[in-house]
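Engineer: Structure for this input, please:
(one chain, ligands or ions: 2)
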Amino acid sequence: MKKKALITGVTGQDGAYLARFLLDQGYQVFGAYRRSATLDTSRLDYLGITDDVEFVAFDLLEFSNIVRTLEQCKPDEIYNLAAQSFVALSFEQPLYTSDVDGQGVLRILEAIRLLGMEKSTKFYQASTSEMFGKVKETPQTEDTPFHPRSPYGVAKLFAHWANINYRESYGLFGCNGILFNHESPLRGLEFVTRKITHKLAHMATHGGEPLELGNMEAKRDWGFAGDYVKGMWLMLQQDNPDDYVLATGQTYTVKEFVNLSAAALDIQLDWVGEGVNTQAINRKSGEVVVKVNPEFYRPSEVDLLLGDSSKAKSQLGWEPETTLSELVTMMVEADLKRVSKI
Ligand code: NDP
Ligand code: GDR
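Structural biologist: Numbering: from 1, shown residues only. Ligands and ions are numbered 1, 2, ... in the order given. Next up, the predicted model:
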């Protein structure tokens, strides 16, 4: 009998990579997607696995729908990747974000309990380094105190503790993966890495207006999404449920990510100015490639993320396999292919 996995947020970046990983492991994969006029399978198409996923309509806001989905699929493992995942948007839509990312998780946990599935179904929750927020110590580990700096981070922290509470109260096999930023050619265009690689690839091919960014001094620990989904799975294969940090242990500024992306396109940049006047100039052509648009600053920022995933390494045998420069090359090449078709 094949093991059955239910992936919520299957149309997202991680959902697509995890679906491929679990299919490769021989799982029957139920892909829970948010129903709308059209089902966007573009990421699953990119990986060539759309026909292998069994789709089920699912919304984190709808309790009865969650109960019916669990009854229908009877999964051995649930991976809850669905979320309003864009931090900047959470400042504009804090109530919606808390409903989806916070209470939505509680709805799944309650559905598991209501159906008496807490001993037969394992649960993975997509927690995040965004919960660390204001820097207390680096590198950040499972024991670093949390201080979220966005409505998104606050909602995710609620979900994180709710999962721990159901583990302690009802014996649920619930794991939280505290994942640091992970990117790929399938990353949404709003996130800074993909915004950079896509726009620079477009400028290199077609020209156009400069790339506009916000705070370029923010530091992030960026890994490759394809590596991280394996860590999610490993967490649910252990004898006991626990929480784990997944990270690369390296941190870079947004500006450094711009430089690496430009270099992959054979563009050398000279940086001038400071703060809102910061600009990057193409050394050869003298054109402005990057400038600041204060619209992209956040009301409160997470300045520095740097994770220590030694617990995942020693207990799960998990390590990131892709370097940042390999990741940047992969993203730039994929975007060059895409923009060349325009
Ligand atoms: P994406 O934004 O790419 O995917 C989010 C998914 O959630 C989409 O499939 C989206 O569906 C779905 N979704 C949104 N709202 C609902 C809802 N109300 N009901 C059901 N589904 C919904 O995110 P990622 O793949 O990058 O991230 C996966 C998870 O991991 C998220 O929970 C994110 O917060 C978390 N995370 C991500 C990190 C990263 O660096 N990528 C790091 C740490 C945590 P639709 O296609 O309809 O919009
Ligand atoms: P983040 O990712 O907020 O860390 O959340 P994002 O790529 O949006 O921002 C990273 C950093 O870049 C700065 N920045 C900009 N960000 C965006 N999006 N657009 C810009 O123009 C821009 N300019 C500068 C941001 O201020 C920030 O400091 C991601 C998401 O995947 C979450 O769901 C996940 O939980 C965390 O990573 C870990």
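Engineer: From now on I want contacts and neighbour counts done on CA atoms only, so please keep to that.
Structural biologist: Noted.
Engineer: Quick one: the helices in the stretch 201-342 of the chain, in order.
Structural biologist: Assigned by DSSP state H, counting those that start in this stretch, the helices in the stretch 201-342 of the chain fall at 225-236, 254-264, 310-311, 324-340.
Engineer: Quick one: work out the angle between the second one and helix 324-340.
Structural biologist: So the one you mean is helix 254-264. Here the directions of helix 254-264 and helix 324-340 differ by 60 degrees (axes from the mean of the first three to the mean of the last three CA atoms, to 10 degrees).
Engineer: does the residue nearest to residue 288 when sequence neighbours are not counted have beta-bridge partners, and which?
Structural biologist: For residue 288, ignoring the flanking residues on the chain, the nearest one in space by CA to CA, 6 or more residues apart in numbering is residue 281 at 4.6 Å. Under DSSP bridges, the beta-bridge partners of residue 281 are residue 270, residue 288.
Engineer: right, and residue 281 touches residue 287 too?
Structural biologist: Yes. Look at residue 281 against residue 287 with CA atoms under 8 Å: they come within range, at 5.6 Å.
Engineer: Flag every residue of the stretch 51-200 of the chain that's near ligand 2.
Structural biologist: By CA under 6 Å from any ligand atom, the residues of the stretch 51-200 of the chain that approach ligand 2 are 85, 86, 87, 128, 129, 130, 180, 181, 190, 191, 192, 193.
Engineer: show me the contacts for the second one.
Structural biologist: When you say that, I think you mean residue 86. Residues counted as contacts of residue 86 (CA atoms under 8 Å, 6 or more residues apart in numbering) are 152, 190, 191.
Engineer: same question, residue 101
Structural biologist: Taking CA under 8 Å, 6+ apart, one finds 82, 83, 84, 152, 155, 156, 159 in contact with residue 101.
Engineer: Let's have these in JSON lines, adding pLDDT and distance to ligand 1.
Structural biologist: As requested, these are exported to JSON lines (pLDDT from 0 to 100; distance: CA to the nearest ligand atom, whole Å):
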{"residue": "82", "pLDDT": "98", "distance to ligand 1": "3"}
{"residue": "83", "pLDDT": "98", "distance to ligand 1": "4"}
{"residue": "84", "pLDDT": "98", "distance to ligand 1": "5"}
{"residue": "152", "pLDDT": "99", "distance to ligand 1": "8"}
{"residue": "155", "pLDDT": "99", "distance to ligand 1": "10"}
{"residue": "156", "pLDDT": "99", "distance to ligand 1": "8"}
{"residue": "159", "pLDDT": "99", "distance to ligand 1": "10"}
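Engineer: Which of those sits closest to residue 56?
Structural biologist: Lowest distance from residue 56 to the contacts of residue 101 (CA to CA) belongs to residue 82, with 13.3 Å.
Engineer: next one: phi and psi at the closest residue to that closest one other than its chain neighbours?
Structural biologist: Sequence neighbours aside, residue 9 is the residue nearest to residue 82 in space, at 3.9 Å (criterion: CA to CA, 6+ apart). Torsion angles at residue 9 (phi, psi; degrees, to the nearest 10) stand at phi 70, psi 30.
Engineer: Count residues in the vicinity of residue 9, would you?
Structural biologist: Residue 9: 23 surrounding residues under other CA atoms under 10 Å.
Engineer: sorry, back to before: looking at the helices of the stretch 201-342 of the chain, which is nearest to residue 61?
Structural biologist: Across the helices of the stretch 201-342 of the chain, residue 61 has its closest neighbour in helix 225-236 (23.6 Å, CA to CA).
Engineer: circling back: just list the residues touching the residue nearest to residue 288, thanks.
Structural biologist: With contacts defined as CA under 8 Å, 6+ apart, the neighbours of residue 281 are 269, 270, 271, 272, 287, 288, 289, 290.
Engineer: which residues does residue 272 contact?
Structural biologist: Residue 272 touches 278, 279, 280, 281, counting by CA under 8 Å, 6+ apart.
Engineer: Weed out the non-buried ones from the residues you listed.
Structural biologist: 278, 279, 280, 281 (16 or more other CA atoms under 10 Å).
Engineer: What's the separation between residue 56 and residue 270?
Structural biologist: From residue 56 across to residue 270, the span is 50 Å (CA to CA, to the nearest Å).
Engineer: swap in residue 215?
Structural biologist: In terms of CA to CA, residue 215 sits 18 Å off from residue 270.
Engineer: now do residue 117
Structural biologist: Noted for residue 117: a distance of 58 Å to residue 270, by CA to CA.
Engineer: Between the two, which has more neighbouring residues?
Structural biologist: Taking neighbours as other CA under 10 Å, residue 117 and residue 270 compare with residue 117 leading, 18 against 14.
Engineer: what's near enough to touch residue 305?
Structural biologist: 129, 135, 138, 139, 140, 180, 219, 220, 221, 251 are the contacts of residue 305 under CA under 8 Å, 6+ apart.
Engineer: Could you rerun that using 7 Å?
Structural biologist: 219, 220, 221, 251 (CA atoms under 7 Å, 6 or more residues apart in numbering).
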